[in-house]
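[1] Here is the input, now give the coordinates:
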Amino acid sequence: MTSSKPARAIRRLLIANRGEIAVRVARTARAMGIRTIAVHSDVDAGALFVECCDEAYSLGGTLPRESYLDAGRVLDIARRARADAVHPGYGFLSENETFARAVADAGMTFVGPPPEAIAAMGSKSAAKRIMAKAGVPLVPGYHGDDQSPALLAREAAAIGFPVLVKAVAGGGGKGMKVAHDAAGFGAALAAARREAKAAFGDDRVLVEKYLAAPRHIEIQVFADTLGNALHLNERDCSVQRRHQKVLEEAPAPGMTAERRRAMGEAAVAAAKAIGYVGAGTVEFIAEQDGRFFFMEMNTRLQVEHPVTEMITGLDLVEWQLRVARGEPLPLAQGDVRLDGHAIEARLYAEDPARGFLPSTGTIAHWRMPAETRDVRVDTGFRAGDSVSPYYDPMLAKLIVHADDRAGALARLHAALAQCEVVGVTTNVEFLGRVVTLPAFAEETIDTGLIDRHKEALFAPRPDASLAWLAAAVAEWHRPRHEAFDADVHSPWHARDAWWPNSAGRRITFAYREGDSHRHVALAPQDDRHAEARIDGRAYEVAVVGAGGERIALDVDGVRRVATVVARGDERHVFVDGAHHVLRRADPLAVHEEADDSDGHLRAPMSGTIVAVMAKAGDAVTKSAPLVVLEAMKMEHTIVAPHDGTVSAVNCRVGERVAEGADLVDLDAAAG
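    Sure, this is the predicted structure:
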């Protein structure tokens, strides 16, 4: 390996990015004794990545084009901050050849490849022509400059349908359409061009053979300024939605040593063909039979680089900075290790049930798994931060490592169950379903996995009684163990069985989740034990531990742990890897339903009857109001829990009734 002394000092590093990648770069730079400089938009002024850096400067603006994409503004700040180098992270200006050249012209080091290498790979068509000359295998297709619809249609027919019409510029799945036959080619071409023009300002396309069940496998490459280049094994990124990655893992399942060597050699040849320097990723589309074809090269660090770090034990940002200083690569190809298996899950603020639409809001509650040698969380968020509509909705990357793939899957599933976010909708529960999908566990992987298994991935949840039970028990138990009054002799501090409307009485909590409206009736036996009823089913519940928003329950002899976060009328319950959003029913609306397991509707608390809307013999439907009870200056409406016939009304207006009093007898409708 060629070697040399470091040529360029990096003492002050400006990070021209935001979020988790800025946090991640700052962490390594600080460990190397490099002072870090953050730039931020107005929206990100109080963000975590800003606090993680030694200095911070405002770019102003809110939209990317007004802030992080304003190359002139970023460079002005870099000069003012006396930066020696600029790290572009990924996205934004990371693959902008003009920006890379301007950084160098300003006398600073660009922590990335030369502008010429960025330019060479910036056009998918040009990149594939270069790769063809370098002997890198390509998917059959047309990558020429003639963009006339007639020529493109003829090329598509020559390739053979189905074909993929793909934008020459950009990425992220934008400007990609499949034409299954000649009749549909014109519409696919027009749609791809419109989308490409809107996203990248460039409507040029290429046409390639569409592979029906391909895998997306990429090779991490590294090259220094001294002519050394190597690869750091592969990553499988086949699990995608809308052509965007969801899970990434290393090594690729089913990869053989021979195929790894062939793909690695092709990737290194691709890097050398364009005089590459630094970290890059050569992406391949692979057939199930082992054949692989060059797709594109990303001339930057990738979102999924942590899985490579987990299996190699390397810090790729440290390598980037060392290469940028002119140092040789720290290892030779034969010294690169492959230890165990790693998987990364991307946690997004999005709603899978609504087509993965992004979600915005302020994070009211944030809990991630504890980090260990085998569990890592890369994030730029914390409780109190806002998820704005201006930037990518990725909240965090959860990365796990184990000795083998089965162990990594089990560890990831357990770690996902510990992720709790309130304030925005997330894809955490969806990720948990993907990880436990039998086809994924059995390594039946390709880019169509999610679409093929939609029925299982979006199936209704199993019985959620535990979530409703946890919410009710938390509301019953916590007040007695929180300081409502400074007077320690106050009865509100009592920890015995006495509690207003508690021991020896029945308390009813009403909640809604979506279209479901259920009641949890608790009959406390002492300070920690109660009998609970949901839809007529009884549970024996004991509180075995509670702290903050966590509560440990013994339910019918089985220990269960849940988190219950109160936010206004909402109760966010995290249990068994699921996030349930329950809403306390409006006490002035139809929401109070007594235990009717024996046909008797009872008063949920002591109070005065202020209205009776039913009489014996009335046929009523589910949710019909029957009696209104006033208690604690609030009205509570007792409703019919099901269709039926009123057999008796046992109260009258103005009557004072005790908790548990039999108010109405209701016979269920036949059938």
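[2] Heading C-terminal from the helix or strand bottoming out on mean pLDDT in the chain, find the next helix or strand.
    Comparing every helix and strand of the chain by mean pLDDT, DSSP states H and E singles out strand 590-592 as the least confident one, with a mean of 41. The first helix or strand that comes after strand 590-592 along the chain, using DSSP states H and E, is strand 600-602.
[3] what's the pLDDT at the residue most central in space within the chain?
    Most central residue of the chain, judged by C-alpha distance to the mean C-alpha position with Cα atoms, centre = their mean, is residue 347 at 1.6 Å. On pLDDT, residue 347 comes in at 97.
[4] Surely it touches residue 427?
    Yes. Contact criterion Cβ atoms under 8 Å: residue 347 and residue 427 qualify, at 6.7 Å. Heads up, the C-betas are built off the backbone N, CA and C, glycines and all.
[5] just to revisit the earlier point, return the residues in contact with the residue nearest to the centre of the chain.
    Taking Cβ atoms under 8 Å, 6 or more residues apart in numbering as the criterion, residue 347 is in contact with 394-398, 419, 421, 426-428, 431.
[6] Dump the C-alpha coordinates for stretch 620-630 into PDB.
    The C-alpha trace of stretch 620-630 is given here as PDB (Å, rounded to 0.1, in the frame of the first residue of the first chain):
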ATOM      1  CA  VAL A 620     -83.000   0.700  22.200                       C
ATOM      2  CA  THR A 621     -80.000   0.500  19.900                       C
ATOM      3  CA  LYS A 622     -76.300   0.500  20.900                       C
ATOM      4  CA  SER A 623     -75.000   3.800  22.300                       C
ATOM      5  CA  ALA A 624     -78.600   5.200  22.900                       C
ATOM      6  CA  PRO A 625     -78.600   7.500  25.900                       C
ATOM      7  CA  LEU A 626     -80.600   6.100  28.800                       C
ATOM      8  CA  VAL A 627     -79.800   8.000  32.000                       C
ATOM      9  CA  VAL A 628     -77.800  11.200  32.800                       C
ATOM     10  CA  LEU A 629     -76.000  11.300  36.200                       C
ATOM     11  CA  GLU A 630     -74.500  14.500  37.600                       C
END
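[7] got the contact list for that stretch?
    In contact with stretch 620-630 (Cβ under 8 Å, 6+ apart) are residues 517, 590, 592, 601, 603-605, 607-614, 635-646, 649, 651, 657, 663-664, 666.
[8] Write the PyMOL selection for whichever of the residues you listed are buried.
    Isolation of the buried members of the contacts of stretch 620-630 (16 or more other Cβ atoms under 10 Å) is achieved in PyMOL through the command below:
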select buried, resi 517+590+592+601+603+604+605+607+609+612+613+614+636+637+638+639+640+641+643+644+646+649+651+657+663+664+666
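[9] So which of the contacts of stretch 620-630 sit within strands?
    Judged by DSSP state E, the subset of the contacts of stretch 620-630 located in strands is 517, 590, 592, 601, 607-612, 635-639, 644-646, 649, 657, 663-664, 666.
[10] Quick check, residue 114 in contact with residue 100.
    Yes. Residue 114 is within contact range of residue 100, at 7.4 Å (criterion: Cβ under 8 Å).
[11] So which of these two has more stuff around it?
    Neighbour count, other Cβ atoms under 10 Å: between residue 114 and residue 100, residue 100 has more, with 26 against 20.
[12] Checking my notes, that one in a helix, right?
    Yes. Secondary structure of residue 100 (DSSP: H, G, I helix; E, B strand; the rest coil): part of a helix.
[13] buried ones in the helix or strand encompassing residue 25?
    In this assignment (DSSP H and E), residue 25 forms part of helix 19-31. Buried residues in helix 19-31, counted by 16+ other Cβ under 10 Å: 19-26, 28-29.
[14] what residues are up against residue 91?
    So residue 91 contacts 17, 392 (Cβ under 8 Å, 6+ apart).
[15] how about it, secondary structure?
    Per three-state DSSP, residue 91 ends up coil.
[16] next one: residue 579
    strand.
[17] Could you find the closest non-adjacent residue to it?
    Excluding its sequence neighbours, the residue lying closest to residue 579 (Cβ to Cβ, 6 or more residues apart in numbering) is residue 429, at 6.0 Å.
[18] for the longest helix anywhere in the chain, packing partners?
    Under DSSP state H, the helix in the chain containing the largest number of residues is helix 182-200. Here helix 182-200 touches helix 149-159, strand 163-167, strand 176-179, strand 205-209, going by 3 or more Cβ pairs under 8 Å, 6 or more residues apart in numbering; DSSP states H and E.
[19] Packing partners of the longest one?
    Taking 3+ Cβ pairs under 8 Å, 6+ apart as contact, the helices and strands that helix 149-159 lies on are strand 141-142, strand 163-167, helix 182-200, strand 205-209.
[20] Residue 357 is nearest to which of these?
    Nearest to residue 357, of all these, is helix 182-200, at 17.5 Å by Cβ to Cβ.
[21] now the angle between strand 205-209 and that closest one, please.
    Helix 182-200 runs at 130 degrees relative to strand 205-209, counting by axes from the mean of the first three to the mean of the last three Cα atoms, to 10 degrees.
[22] I'd like to check what contacts helix 182-200. Which residues are they?
    For helix 182-200, using Cβ under 8 Å, 6+ apart, the contacting residues are 149, 152-153, 156-157, 161, 163, 165-170, 172, 174-179, 202-205.
[23] re earlier: and the buried residues of helix 19-31, which is closest to residue 217?
    Using Cβ to Cβ, these come closest to residue 217 at residue 21, 22.7 Å.
[24] Compute the number of surrounding residues for the residue nearest to the closest one when sequence neighbours are not counted.
    Leaving aside its chain neighbours, residue 21 sits nearest to residue 89 (4.1 Å; criterion: Cβ to Cβ, 6+ apart). For residue 89, the count of nearby residues is 25 (other Cβ under 10 Å).
[25] how about residue 89, what does it touch?
    15-18, 21-22, 25, 300-301.
[26] which residues of the protein score low on pLDDT?
    Applying pLDDT under 70 to the chain flags the ranges 1-7, 170-172, 479-505, 586-598, 605-606, 631-635, 671.
[27] how distant is the strand ranked longest in it from the center of its chain?
    The single longest strand within the chain, with elements called by DSSP E, is strand 229-241. Counting by Cα atoms, centre = their mean, to the nearest Å, strand 229-241 is centred 20 Å from the centre of its parent chain.
[28] ditto for stretch 557-572
    Per Cα atoms, centre = their mean, the centroid offset for stretch 557-572 relative to its chain is 21 Å.
[29] Could you do stretch 522-539 as well?
    36 Å.
[30] what comes up buried for stretch 215-234?
    Applying 16+ other Cβ under 10 Å to stretch 215-234 flags 215-226, 228-234 as buried.
[31] circling back to that earlier point, just the helices and strands packed on helix 149-159: most buried one?
    Of all the helices and strands packed on helix 149-159, strand 163-167 carries the top mean neighbour count, a mean of 25, counting by mean count of other Cβ atoms under 10 Å.
[32] ok, the residue nearest to residue 21 to residue 18 distance?
    Counting by Cβ to Cβ, to the nearest Å, the gap from residue 89 to residue 18 is 8 Å.
[33] which secondary structure elements does the helix holding residue 25 contact?
    Looks like helix 19-31 contacts strand 12-15, strand 35-40, helix 48-51, helix 316-324, strand 375-379, strand 394-402 (3+ Cβ pairs under 8 Å, 6+ apart).
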